[in-house]
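> Predicted model and sequence below, questions to follow.
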Amino acid sequence: MARSLRYLGWVLLAIAAAFLGHDLVLLLKDGHWDAVSLGQAWGWLHEPSRDGLRAQLEALWPALGHGAAVFLGSPVWVVFGLPGLLLSLAGRRSAKRRRWWG
């Protein structure tokens with residue numbers, strides 16, 4: 001179980017690193033920072049599902065729709081990087097098992 005959490009964390013960190021690299025390349029190319037948001041990346045994959053979820057959350061509870069808009073406006077590398085870091089740290093071995101001499 002711990003190993004699978006660590007692997008999932010590494011996958012999420014790899015996705016975050018790819019989007020951060022994309023943002024840095026655009027920074028070097030254009031000269032200004034414009035991070036790709038989660039909503040923008042989701043729109044690249046399937047725009048109707050993103051808009052449908054936002055509309056359903058807004059109809060369910062307006063504050064939930066506002067929270068979803070804030071979450072979808074967050075940079076992709078933050079959204080995937082923080083859970084990836086937490087999962088990779090949660091899945092690591094204990095200090096007692098890491099020692100190779102004993």
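Received, thanks.

> which residues of the protein score low on pLDDT?
93-102 (pLDDT under 70).

> tell me the helices in the protein, going along the chain?
2-30, 38-60, 62-72, 76-90, 95-98 (DSSP state H).

> just these: most buried one?
helix 76-90 (a mean of 17; mean count of other C-beta atoms under 10 Å). For every residue, glycine as well, the C-beta is placed using N, CA and C.

> In space, what's closest to the most centrally placed residue in the chain - neighbours in sequence excluded?
Nearest to the mean C-alpha position of the chain, by C-alpha atoms, centre = their mean, lies Phe80 at 1.7 Å. Sequence neighbours aside, Ala16 is the residue nearest to Phe80 in space, at 4.1 Å (criterion: C-beta to C-beta, 6 or more residues apart in numbering).

> chain center to stretch 35-51: distance?
With C-alpha atoms, centre = their mean, to the nearest Å as the basis, stretch 35-51 stands 13 Å off its chain's centre.

> Just the CA atoms of it, as PDB, please.
C-alpha atoms of stretch 35-51 as PDB (Å, rounded to 0.1, in the frame of the first residue of the first chain):
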ATOM      1  CA  ALA A  35       0.400  29.700 -15.700                       C
ATOM      2  CA  VAL A  36      -2.000  27.100 -17.200                       C
ATOM      3  CA  SER A  37      -5.000  26.800 -14.900                       C
ATOM      4  CA  LEU A  38      -6.700  23.500 -14.200                       C
ATOM      5  CA  GLY A  39      -9.900  24.700 -15.900                       C
ATOM      6  CA  GLN A  40      -7.900  25.600 -19.000                       C
ATOM      7  CA  ALA A  41      -6.200  22.200 -19.100                       C
ATOM      8  CA  TRP A  42      -9.500  20.400 -18.500                       C
ATOM      9  CA  GLY A  43     -11.000  22.500 -21.400                       C
ATOM     10  CA  TRP A  44      -8.200  21.200 -23.700                       C
ATOM     11  CA  LEU A  45      -9.300  17.700 -22.900                       C
ATOM     12  CA  HIS A  46     -13.100  18.000 -22.700                       C
ATOM     13  CA  GLU A  47     -14.700  21.400 -22.400                       C
ATOM     14  CA  PRO A  48     -18.400  20.300 -22.100                       C
ATOM     15  CA  SER A  49     -17.700  18.200 -19.000                       C
ATOM     16  CA  ARG A  50     -15.900  21.100 -17.300                       C
ATOM     17  CA  ASP A  51     -18.700  23.500 -18.000                       C
END
